[in-house]
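Participant: coords please:
(one chain, ligands or ions: 4)
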Amino acid sequence: MKKLNNWIETNPKAKWILLFSVIVITFLLGLFAASIMERRAEAQFVFTPKVKYDQLEPRSEIWGENFPNEYETYVLTSDTTFRSKYNGNGMRDALAENPEMVILWAGYAFSKDYNQPRGHYYSVIDVRNTLRTGAPNDSVPSPQPNTCWTCKSPDVPRLMKEKGVQGFYSGSWDKLGHEVVNYIGCADCHDAKNMDLKITRPALIEALQRQGKDISKLTHNDKRSLVCAQCHVEYFFDNRDGKQKYLTFPWDNGMTVEKIEEYYDNFKYVDWVHPISKAPMLKAQHPDYEVFTLGVHYRAGLSCADCHMPYESKGGVKFTNHHIQSPLNHISKSCLVCHRESEEEMRQRVYQRQDANKELQKILQHEIAIAHFEAKHAWEIGAKEDEMKPILDLIRKAQWRWDFAVAGHGNSFHAPLETARILGHGINKVKEARRELANIFAKYNNFNVKIPDFSTKEKAQLAIGLNISKLKQEKKIFLENVVPKWLKKAQERESKYKVQNL
Ligand code: HEC
Ligand code: HEC
Ligand code: HEC
Ligand code: HEC
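Facilitator: Ligands and ions are numbered 1, 2, ... in the order given. Just a heads-up that it's a prediction; the model follows:
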């Protein structure tokens, strides 16, 4: 202080320099404070409700009147133009790209028709269109249960309230065709009262509770992933009581591929018996969430929304972009928030991981397809039940690993190391199965295995005896005659819902 006083007294300009410095510092501090206030105002979303609707209103366009930014971006999930190396917004015929899949799923509905996902906008349309749901009419039911609707629509929470959860999981898929008409929307993820994120599907709540988690203690960041984990997970339809097909997440022992397998093995669960090899098979669904939790981004505290729903700003209002899609279509907003590399470099980093896993996937799926035919040959040359059992179990285990790794479409980026680990174990299991099969061929002295041509989707479907053109014809009749009736009934029902203008 003394030094400063001396300096001011001895230097005539000092007072002025000091005064000027104080003015500049005060001005900068003011700017800084103003910017903080502005950010805070931005962070609170602007909300002047225009309409009032029921808590379970299934029509997103009604919610959209109050939240135009979120709604306008959400309907963009109808866009099918973007394509990345392995994914993208459009539909990709997974069977045509990987004809082995037809052999792997022989005897199961996925061998008929299987496309990579497109945007949420198509969730209801695509489940009606797929050959897997069949062509129901007044006298023929769908081969699938109502439970299939669970991850398709905000009509589901409404129906569960009306019918009870068990009531909803009963009956064949066509029974609720006139009730489930709105594609995935606001009421699937939000509480209409306060717009908080909300888990609306009982299967997720029940699975978390069985793991001993307290649902009321979930953080907001947890929910930014868990709203997606309502659907993007491994699941099965539990029919052990013979009454309904109760949607269940098999997470009681843990969420890794081995722990889920152990869960199924404990009660000898079988999705279907493979018609070529007679192996008791498991079908993996789409374990995106489970595998994501084993990757570096989950460990770093990210949630699904960070990459798939980045923040946007429009007219000074900050909001969440609801156009859920491949983040590679907006790398600057979803990756460059944290990473400092160029967009092209980030894209290549994703492709590098996907390419590596694709290589392993291709090896594994080809080996499994061959193993199914080799097992068929073993039966034909007289192999005994007890000789075949351990081999069929290895085929089940190999294909379960393959499916788990591949069916989560983001796995090879979300957790590349875990995905490679799973595929590696799959390759080991199938090689072991084929070694044992070779022993059987030696024992019965017959190596004459017949393997049909499955090099294209069409050839593979022919090889497993599927008459696709008949299925397609029946589907066409269903879409032209039955679906319009469903839509008309739905329109009449919805026209009576109360919406109040404010
Ligand atoms: C109610 C179930 C449900 C919820 C909740 C849900 N999804 Fe989906 N998601 C689906 C279905 C079904 C599809 C496939 C739709 C189709 O292909 O017709 C899909 C497709 C996708 C796709 C592929 C889009 C494309 O353009 O290829 C992405 C990415 C995705 N979801 C991410 C998410 C994220 C992230 C969340 C959470 C913020 C989420 N989903 C929540 C059911 C759901
Ligand atoms: C698949 C789940 C999902 C669906 C469907 C969904 N949202 Fe969201 N919504 C989110 C997530 C995740 C956030 C981000 C929350 C956060 O980061 O704090 C969010 C945030 C919001 C917010 C808070 C403001 C903002 O933009 O961050 C509003 C309002 C909102 N959504 C409205 C809607 C409306 C309207 C619809 C239907 C057109 C809808 N949401 C559909 C998951 C969803
Ligand atoms: C760090 C960013 C990041 C996070 C976090 C993230 N993803 Fe992804 N996700 C990606 C990238 C990158 C891809 C690959 C996109 C491509 O190949 O076009 C992808 C792919 C997907 C796909 C396949 C998309 C398609 O077009 O078929 C789905 C579905 C998906 N993610 C869902 C999720 C879910 C659910 C979560 C949370 C459990 C999640 N993602 C978390 C970056 C992320
Ligand atoms: C919120 C911050 C954040 C966002 C957003 C984010 N990342 Fe990351 N990313 C991280 C962190 C943290 C790590 C771990 C870095 C470390 O520990 O060295 C990481 C690691 C990675 C790695 C190396 C992972 C591995 O497999 O070894 C890749 C590749 C990557 N990110 C790509 C992406 C891409 C692509 C996107 C956008 C789709 C993205 N990231 C979005 C924070 C983020």
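Participant: please state the backbone phi and psi of the closest residue to H322 other than its chain neighbours?
Facilitator: The spatial neighbour of H322 that comes closest, neighbours along the chain excluded (C-beta to C-beta, 6 or more residues apart in numbering), is Y74 at 3.8 Å. In this view, the C-beta of every residue, glycine as well, is placed from N, C-alpha and C. Main-chain dihedrals, Y74, degrees, to the nearest 10: phi -60, psi -40.
Participant: please report how far Y74 lies from ligand 3.
Facilitator: Distance from Y74 to ligand 3, counting by C-beta to the nearest ligand atom, to the nearest Å: 16 Å.
Participant: equivalent analysis for V317, please.
Facilitator: V317 is 24 Å from ligand 3, by C-beta to the nearest ligand atom.
Participant: tell me the residue of the stretch 351-500 of the chain that sits nearest ligand 2?
Facilitator: At 14.3 Å from ligand 2, V499 is the closest residue in the stretch 351-500 of the chain, using C-beta to the nearest ligand atom.
Participant: could you point out which element follows the helix or strand where Y289 lies?
Facilitator: Per DSSP states H and E: Y289 is located in helix 288-292. Going down the chain from helix 288-292, the next helix or strand is helix 296-299, by DSSP H and E.
Participant: list the buried residues of that following helix.
Facilitator: Using 16 or more other C-beta atoms under 10 Å as the test for burial, helix 296-299 gives H297, Y298.
Participant: alpha carbons of it, as PDB, please.
Facilitator: Below are the C-alpha coordinates for helix 296-299, written out as PDB (Å, rounded to 0.1, in the frame of the first residue of the first chain):
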ATOM      1  CA  VAL A 296     -16.000 -44.500 -22.500                       C
ATOM      2  CA  HIS A 297     -18.800 -41.900 -23.100                       C
ATOM      3  CA  TYR A 298     -21.000 -43.400 -20.400                       C
ATOM      4  CA  ARG A 299     -18.100 -43.400 -18.000                       C
END
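Participant: now that helix: average pLDDT?
Facilitator: For helix 296-299, mean pLDDT is 98.
Participant: report whether that helix contacts ligand 1.
Facilitator: No. Shown here: helix 296-299 not in contact with ligand 1 (C-beta under 6 Å from any ligand atom), separated by at least 12.7 Å.
Participant: for the residue in the stretch 351-500 of the chain that ligand 3 sits nearest to, phi and psi?
Facilitator: Per C-beta to the nearest ligand atom, G410 is where the stretch 351-500 of the chain lies closest to ligand 3, at 2.6 Å. Backbone torsions of G410, given as degrees, to the nearest 10, read phi -100, psi 0.
Participant: burial count for it?
Facilitator: By other C-beta atoms under 10 Å, 23 other residues sit near G410.
Participant: which residues does it contact?
Facilitator: N87, D288, F292 (C-beta atoms under 8 Å, 6 or more residues apart in numbering).
Participant: 6 Å instead?
Facilitator: D288 (C-beta atoms under 6 Å, 6 or more residues apart in numbering).
Participant: who are the packing partners of the helix holding Y289?
Facilitator: The contact analysis (3 or more C-beta pairs under 6 Å, 6 or more residues apart in numbering; DSSP states H and E) places helix 288-292 against helix 411-414.
Participant: buried residues in the helix it packs on, which are they?
Facilitator: Within helix 411-414, the residues that qualify as buried are N411, S412, F413, H414, counting by 16+ other C-beta under 10 Å.
Participant: okay, these in JSON lines with distance to L394 and pLDDT next?
Facilitator: Shown next, in JSON lines, are the buried residues of helix 411-414 (distance: C-beta to C-beta, whole Å; pLDDT from 0 to 100):
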{"residue": "N411", "distance to L394": "23", "pLDDT": "98"}
{"residue": "S412", "distance to L394": "24", "pLDDT": "98"}
{"residue": "F413", "distance to L394": "29", "pLDDT": "98"}
{"residue": "H414", "distance to L394": "28", "pLDDT": "98"}
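Participant: now those as a markdown table including distance to K450?
Facilitator: Shown next, in a markdown table, are the buried residues of helix 411-414 (distance: C-beta to C-beta, whole Å):
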| residue | distance to K450 |
| --- | --- |
| N411 | 34 |
| S412 | 34 |
| F413 | 39 |
| H414 | 40 |
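Participant: now stretch 473-488: buried residues?
Facilitator: If you call a residue buried by 16+ other C-beta under 10 Å, then stretch 473-488 has these buried ones: E474, K475, F478, V482, V483, W486.
Participant: and for stretch 174-181?
Facilitator: Result for stretch 174-181 [16+ other C-beta under 10 Å]: buried residues D174, L176, G177, H178, E179, V180, V181.
Participant: name the nearest of the residues you listed relative to R59.
Facilitator: Nearest to R59 out of the buried residues of stretch 174-181 is V181 (C-beta to C-beta; 9.3 Å).
Participant: give me the pLDDT value at the closest one.
Facilitator: Reading off the model, V181 has pLDDT 98.
Participant: next up, the contacts around it.
Facilitator: A490 are the contacts of V181 under C-beta under 6 Å, 6+ apart.
Participant: is whichever strand or helix holds M346 up against ligand 4 anywhere?
Facilitator: Counting by DSSP H and E, the element that carries M346 is helix 343-380. Yes. Using C-beta under 6 Å from any ligand atom, we find that helix 343-380 touches ligand 4 at M346, R349, V350.
Participant: now these as a markdown table including neighbour count?
Facilitator: Shown next, in a markdown table, are the residues of helix 343-380 next to ligand 4 (neighbours: other C-beta atoms under 10 Å):
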| residue | neighbour count |
| --- | --- |
| M346 | 19 |
| R349 | 15 |
| V350 | 22 |
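Participant: now pLDDT too, for those residues, in JSON lines please.
Facilitator: Compiled in JSON lines, the residues of helix 343-380 next to ligand 4 are given as follows (pLDDT from 0 to 100):
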{"residue": "M346", "pLDDT": "98"}
{"residue": "R349", "pLDDT": "98"}
{"residue": "V350", "pLDDT": "98"}
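Participant: and which of those residues is nearest to I103?
Facilitator: Minimum distance to I103 across the residues of helix 343-380 next to ligand 4 is 29.3 Å, recorded for V350 (C-beta to C-beta).
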